[in-house]
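Trainee: heads up, no residue letters with this:
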């Protein structure tokens, strides 16, 4: 809860104002809301320059759930005393609680400047950074924080784990979660769930399952543990079990919005009248709850299945508006990121492959825009008996994040250009070792990280003999699919149609660069629409391009029992279908911002 400190006013106040303030704070502290509201209201009317009155009036209104009025009072207080660290900390806390995450970060950063050693400020700032996926920036401050600050040591370990995870230090995150499990009260489940989530991200399904089940053994009402097990079941293709477990999560906590999203992803969800009614009721209750974004995507998916395209688009837009507060997209930063590759990874960089590259570890890279069909291509290849499915392997991205920090990522291209041969050679050797280990004895393995198209030059320099597959899809369908997908993390560009067009244009520009520096023949391009229209011919071409013999199992990829941990978890369990081609036409009346951005000149 925000802290109350009636001594934060630096200027003398009239004696009557001071007396009224003492009465108001006293009533506030003993929870006499009626008297406190009356006193704060009188103070702000009679003494409009009395910053404390506005500040504590805002805190009381926030406690009462009157969000907009609370924000206005807190803004008035900050305007009167813009450098007051107590005001800034409390204002930042309230902004975060109400879902204004980027504003909260800015406010709390300002508070840290005024009071850099305040443990409460460190914690609030770290929590706000986690909310916008910049937690890696807070790791050092949290590690230096003395124990005993911020409520409890186990909660501090939990927060540290989240920050390390976002900073690319997966092993360090797991270590922090393990310590949180050890320090937490006997019945506390949150650290177990966090540790299990980290295991699931890393592909350790057994560890994830053990963690979720351990949480349920502590508390069988733990909705997040049921959700975790439901997600694991869906990834394994056991949809009946997944549905049952997601239902258990909602039964225990109707605000477990990700469980609603999982149930809505079922192909038959729109035909389930009882589910639709419950979903609509929950969405009305949730309204603008900043955590409810998955619910609105779920509602959009169901309405689209019923061909209510206007209603579906409105629901998708609502979910994206909520998510955009958490995952803002910076056009300037993305342009700087792409410009760094254009300038730093030129033909001279590519020629370094002869000095740096290591023998092919059997990897097949699959990349492309998110929602372009990369999961489909991996599913086809991984159905071949010689190929293991690596999924979205984060290893190199984590390594770069640790080297550069989140704020340094726009300089990735220049950093690679300036990196010495030995450091890149060590990167390639370590990377190859990770790939061989994940292949689990099979001669080939896929690495299906869509964003690897940014790093195509690095892929070539490290593994000059490993194929790079680039999946291309109609930009209109691709952009719409991004807009209507409930991405849990990242993908800030996907929350606005114009931003999607901007991001797609930059992606096109970068692919043009790689074709020019690597040579068009170095990248195997797969057209999503052609693959769906002529699956056997395109699959034969694909297998030949990556050096694999024909195997008919690749056409029956939907029957494979491998795990799938992407947003396409339901789609890749079905035979190829064409309904996703030309999907944009049903939403055409809403997509003008996307079309305009796609038709504009490339930003760089």
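Mentor: On my side now, so go ahead. These figures come from a predicted structure and were not determined experimentally.
Trainee: Need the residues that contact the helix or strand residue 343 falls within.
Mentor: Using DSSP states H and E, residue 343 sits in helix 331-344. Helix 331-344 is contacted from outside by 409-418, 454, 457, 493, 499, 502-503, 506, 509-510, 513, 603-604, using C-beta atoms under 8 Å, 6 or more residues apart in numbering. Heads up, the C-betas are built off the backbone N, CA and C, glycines and all.
Trainee: Show me where the stretch 451-600 of the chain dips below the pLDDT cut-off.
Mentor: The model of the stretch 451-600 of the chain has pLDDT under 70 over residues 560-577.
Trainee: quick revisit: can you work out which other helices and strands pack against the following helix or strand past the helix holding residue 343?
Mentor: Following helix 331-344 in sequence order, the next helix or strand is helix 347-350 (DSSP H and E). Counting contacts by 3 or more C-beta pairs under 8 Å, 6 or more residues apart in numbering; DSSP states H and E, helix 347-350 is packed against helix 456-462, helix 497-518.
Trainee: These: which one's closest to residue 393?
Mentor: Distance to residue 393, taken as C-beta to C-beta, is lowest for helix 456-462 among those, at 11.8 Å.
Trainee: Is there a neighbour count for the closest residue to residue 305 other than its chain neighbours? I'd like the number.
Mentor: In this structure, residue 305 finds its nearest non-sequential neighbour in residue 270, 3.3 Å apart by C-beta to C-beta, 6 or more residues apart in numbering. Residue neighbour count, defined by other C-beta atoms under 10 Å, stands at 18 for residue 270.
Trainee: thinking again about what came up before, so which of the helices and strands packed on helix 347-350 is the most packed in?
Mentor: Most buried of the helices and strands packed on helix 347-350 by mean neighbour count (mean count of other C-beta atoms under 10 Å) is helix 456-462; its value is a mean of 26.
Trainee: on contacts alone, who are the packing partners of it?
Mentor: Partner elements for helix 456-462 (3+ C-beta pairs under 8 Å, 6+ apart): helix 347-350, helix 353-356, helix 421-439, strand 468-472, helix 497-518.
Trainee: Any idea how far it is from the middle of the chain?
Mentor: 26 Å (C-alpha atoms, centre = their mean, to the nearest Å).
Trainee: Also stretch 275-285?
Mentor: Between the centre of stretch 275-285 and the centre of its chain there are 25 Å (C-alpha atoms, centre = their mean).
Trainee: Quick one: end-to-end length of stretch 144-154, please.
Mentor: In stretch 144-154, first residue to last residue: 15 Å (C-alpha to C-alpha, to the nearest Å).
Trainee: Let me see the mean pLDDT of it.
Mentor: Averaging pLDDT along stretch 144-154 yields 73.
Trainee: Can you tell me what sits against the helix or strand bottoming out on mean pLDDT in the chain?
Mentor: Using mean pLDDT, DSSP states H and E, helix 395-404 stands out as the lowest-scoring helix or strand of the chain, at a mean of 86. Counting contacts by C-beta under 8 Å, 6+ apart, the residues outside helix 395-404 that touch it are 136, 167-170, 409, 411-412, 415, 427, 430-431, 434, 449, 451, 455, 458.
Trainee: and what of stretch 550-562?
Mentor: Contacts for stretch 550-562 (C-beta under 8 Å, 6+ apart): 236-237, 376, 379-385, 389, 535-536, 539-540, 543, 572-575.
Trainee: Select only the buried ones of the residues you listed in ChimeraX?
Mentor: Remark: buried members of the contacts of stretch 550-562, expressed as a ChimeraX selection using 16 or more other C-beta atoms under 10 Å:
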select :236,237,376,379,380,381,382,383,384,389,535,539,543,572,573
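Trainee: Among the contacts of stretch 550-562, which ones are in helices?
Mentor: 376, 379-382, 535-536, 539-540, 543 (DSSP state H).
Trainee: where does this protein have low pLDDT?
Mentor: Scanning the chain with the threshold set as pLDDT under 70 gives 1-12, 148-151, 406-407, 560-577.
Trainee: Just say helix, strand or coil for the residue at minimal distance from the centre of the chain.
Mentor: Nearest to the centroid of the C-alpha atoms of the chain, with distances taken as C-alpha atoms, centre = their mean, sits residue 489, at 0.7 Å. Three-state assignment for residue 489 (DSSP: H, G, I helix; E, B strand; the rest coil): coil.
Trainee: Wait, it touches residue 133, no?
Mentor: Yes. If you go by C-beta atoms under 8 Å, residue 489 and residue 133 touch, sitting 6.1 Å apart.
Trainee: Give me the common contacts of these two.
Mentor: Contact criterion C-beta under 8 Å, 6+ apart; residues shared by residue 489 and residue 133: residue 327.
Trainee: which residue ranges form the strands in the stretch 251-400 of the chain?
Mentor: 363-368, 387-389 (DSSP state E, counting those that start in this stretch).
Trainee: Which one of those strands lies nearest to residue 117?
Mentor: Closest among the strands of the stretch 251-400 of the chain, once you apply C-beta to C-beta, is strand 363-368, at 44.5 Å.
Trainee: Give me the angle between the closest one and helix 497-518.
Mentor: Strand 363-368 and helix 497-518 are oriented at 140 degrees to each other (axes from the mean of the first three to the mean of the last three C-alpha atoms, to 10 degrees).
Trainee: who's in contact with stretch 253-260?
Mentor: So stretch 253-260 is contacted by 223-224, 226-227, 230, 246-247, 249-250, 279, 282, 286, 289, 291-295, 298, 488 (C-beta under 8 Å, 6+ apart).
Trainee: Recalculate using a threshold of 6 Å.
Mentor: Counting by C-beta atoms under 6 Å, 6 or more residues apart in numbering, stretch 253-260 makes contact with 223, 227, 246, 249-250, 282, 292, 294-295, 298, all of which sit outside it.
Trainee: that older thread, derive a ChimeraX selection command for the buried subset of the contacts of helix 395-404.
Mentor: Of the contacts of helix 395-404, the buried ones can be selected in ChimeraX as follows, counting by 16+ other C-beta under 10 Å:
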select :136,167,168,169,170,409,411,412,415,427,431,434,449,451,455,458
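Trainee: got the contact list for residue 368?
Mentor: Residue 368 neighbours (C-beta under 6 Å, 6+ apart): 374, 450, 470-471.
Trainee: how far does the helix holding residue 343 sit from the chain's center?
Mentor: 21 Å.
Trainee: go on, stretch 30-50?
Mentor: With C-alpha atoms, centre = their mean, you get 41 Å for stretch 30-50.
Trainee: List the buried residues of it.
Mentor: 36-37, 39-40, 43-44, 47, 50.
Trainee: about what we covered before: for the strands of the stretch 251-400 of the chain, which one sits closest to residue 583?
Mentor: Closest approach to residue 583 among the strands of the stretch 251-400 of the chain (C-beta to C-beta): strand 363-368, 17.3 Å.
Trainee: Can you list the strands that that closest one pairs with?
Mentor: Looking at strand 363-368 with DSSP bridges, its partner strands are strand 444-447 (parallel), strand 468-472 (parallel).
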